[in-house]
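Student: Attaching a predicted model along with its sequence, questions to come.
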Amino acid sequence: MENKPNILTQRYELGRLLGQGTFGKVYYARSTITSQSVAIKMVSKDKVLKSGQTEQIKREISVMRRVRHPNIIQLYEVMATKSKIYFVIEYAKGGELFDKVAKGKLKEDVAHRYFQQLVNAIDFCHSRGVYHRDIKPENLLLDENENLKVSDFGLSALAESKRQDDLLHTPCGTPAYVAPEIIKRKGYDGAKADTWSCGVVLFVLLAGYHPFHDPNLIMMYRKISRADYKFPNWFSLEVRRLLTKVLDPDPDTRIPLAKIKESSWFMKGPSSRERKSEWVNKSVSTSGTKPCDQTNESESIAAEATQESVVPTSINAFDIISRSKGFDLSGFFEDCFKKKEAIFSSRQPASVIVSKMEEIAKHLRLMIKKRAPGLFKLEGLKEGRKGIISIEVEIFEAAPCFHLVEMKKSNGDTLEYQSILKEEIRPALKDIVWVWQGEQQQQQSQPSEDHIQMHDRPATTSTSTTHF
Ligand code: ATP
Ligand code: MG
């Protein structure tokens, strides 16, 4: 067991816990020499080593040192002991931006200013070849002057490894801000993915809720991959025009950051004259809110915010199961059966799932018609009672080796479809199914104990995870 090392306590007086992330904790601290407030992010070397991230950590250090911008949390220094790495970083006094949104949507000019700062920070890093890849509420902080500060820039290797890692072993951030191309396949352009996330952030600031919000993870994935969202009626025409281009599911046609910066909405200055007091008051639609300059208060606000549906909480495979009996989220799946949909999760790679489907199709004398990556149809060769039977299959990648597969009838007789599904397809899928929606997961799918121990987020140590 290692306590806080001397060098740290000599130079920094450690204060309260500001928060906890996947790889460690963040503490408030004050320099004993200059009295400057800082935040210290402690990353466990052990965890990083286990996930083979040594080189990435080194790269992050040099990246964070290279990147300096008024809207990016600055890295002051790095210290290391045998078991931990300590990042001494700029302290963001104002807490998380989304604590404000949790209290109500922002006025357009207020959201406009945050969006400008966000885009400027991200664009600055992109111009230096650094991509964030993990833009999410916890990484958007505020300083005492209500300026946006993007945190964890340069920690993209960690964020990336987290995604590449098995979803079952390490907590995985909410997919809510993740671009469709990341959900669909592994290869993606970091700049375009960051642009998408900026669009989601802008939507949330202006709407007060998430564009793809759905209590059901599969539905959320589907909405993201199709950019299926609706503008609330208070969104101005200019914002709609811009967001339509940013939330484009096709990264090739998605508007680049440089063009966002040239757009009329982005360019128009905030209507207020940036008098701080004026727009602090405007920033939340509820009255009587104080600026978040009291540390204790911001902590309790953060705690409250996690209760709000506006701020999506982290979702991982443990949560999927623990929040549900056998994958059954919020009663949605009961309706699924009525809709003739069947969903299962699989811990196999997509290629194995597709091969299995091909095998089944061959056996059942069905034709496979590919529609798009991860989307195909199984079609009968001859007319049935109500036309040719057709089953649409869609594979969503939640993480490498964790897929959600949805099957539904798109044509033909319902009874015929149900009987094929029950008597042929479901038994044939036995080897690759981890859990069917609405059912308990199978015993043989239990990961080993040490995987459970790798979890140190309180949210994932609930009793429901122990039955894995
Ligand atoms: P992940 O591990 O996926 O990056 P995260 O961003 O929540 O998740 P951390 O970066 O470790 O994890 O941060 C944990 C929390 O600490 C944040 O949610 C934020 O509220 C707080 N925090 C982080 N950096 C600072 C900072 N420089 N100033 C003030 N608070 C901070
Ligand atoms: Mg962070």
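Tutor: Okay, I see it. Residues are numbered from 1 along each chain as shown. Ligands and ions are numbered 1, 2, ... in the order given.

Student: ok and the residue in the protein nearest ligand 2?
Tutor: Taking Cβ to the ion, ligand 2 has its nearest neighbour within the chain at Asp152, 4.0 Å off. (C-beta placed from N, C-alpha, C; glycine too.)

Student: list the contacts for the nearest residue to that residue once chain neighbours are set aside?
Tutor: Counting by Cβ to Cβ, 6 or more residues apart in numbering, Asn139 is the residue found nearest to Asp152 once chain neighbours are left out, at 4.8 Å. Neighbouring residues of Asn139 by Cβ atoms under 8 Å, 6 or more residues apart in numbering: 132, 150-152.

Student: Go again with 7 Å.
Tutor: 150-152 (Cβ atoms under 7 Å, 6 or more residues apart in numbering).

Student: low pLDDT regions in the stretch 201-350 of the chain?
Tutor: 269-340 (pLDDT under 70).

Student: pLDDT of stretch 374-390, averaged?
Tutor: In this model, stretch 374-390 has a mean pLDDT of 85.

Student: Dump it to CSV, keeping only the CA atoms.
Tutor: Taking Å, rounded to 0.1, in the frame of the first residue of the first chain, the C-alpha atoms of stretch 374-390 are listed here in CSV:
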residue,chain,number,x,y,z
GLY,A,374,-23.3,-4.3,-40.3
LEU,A,375,-26.7,-4.4,-41.9
PHE,A,376,-28.1,-7.2,-44.1
LYS,A,377,-31.2,-9.1,-44.9
LEU,A,378,-31.9,-12.8,-44.9
GLU,A,379,-34.5,-13.5,-47.6
GLY,A,380,-36.5,-16.6,-48.5
LEU,A,381,-36.2,-17.9,-52.1
LYS,A,382,-39.9,-18.6,-52.6
GLU,A,383,-43.1,-16.8,-51.9
GLY,A,384,-44.7,-17.6,-48.5
ARG,A,385,-48.3,-17.0,-47.4
LYS,A,386,-47.7,-13.2,-47.3
GLY,A,387,-44.9,-12.8,-49.8
ILE,A,388,-41.2,-13.6,-49.4
ILE,A,389,-40.0,-13.9,-45.8
SER,A,390,-37.3,-11.3,-45.1
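
Student: in that stretch, what counts as buried?
Tutor: Buried residues in stretch 374-390, counted by 16 or more other Cβ atoms under 10 Å: 374-380, 389-390.

Student: Around ligand 2, pick out the residues from this protein.
Tutor: Residues of the chain lying near ligand 2 by Cβ under 5 Å from the ion: 139, 151-152.

Student: Including pLDDT and secondary structure, could those residues go into CSV?
Tutor: Supplementary listing: the residues of the chain next to ligand 2 in CSV, determined by pLDDT from 0 to 100; DSSP: H, G, I helix; E, B strand; the rest coil:
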residue, pLDDT, secondary structure
Asn139, 90, helix
Ser151, 90, coil
Asp152, 83, coil
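
Student: and which of the residues you listed is nearest to Tyr76?
Tutor: Checking the residues of the chain next to ligand 2 against Tyr76 by Cβ to Cβ gives Ser151 as the nearest, at 13.4 Å.

Student: and the gap between the closest residue in space to that closest one that isn't next to it in sequence and Asn139?
Tutor: In this structure, Ser151 finds its nearest non-sequential neighbour in Ile73, 4.3 Å apart by Cβ to Cβ, 6+ apart. Distance, Ile73 to Asn139, using Cβ to Cβ, to the nearest Å: 9 Å.

Student: name the helices or strands packed onto the host helix or strand of Ile368?
Tutor: Using DSSP states H and E, Ile368 sits in strand 366-372. Contacts defined by 3 or more Cβ pairs under 7 Å, 6 or more residues apart in numbering; DSSP states H and E place strand 366-372 against helix 350-364, strand 375-384.
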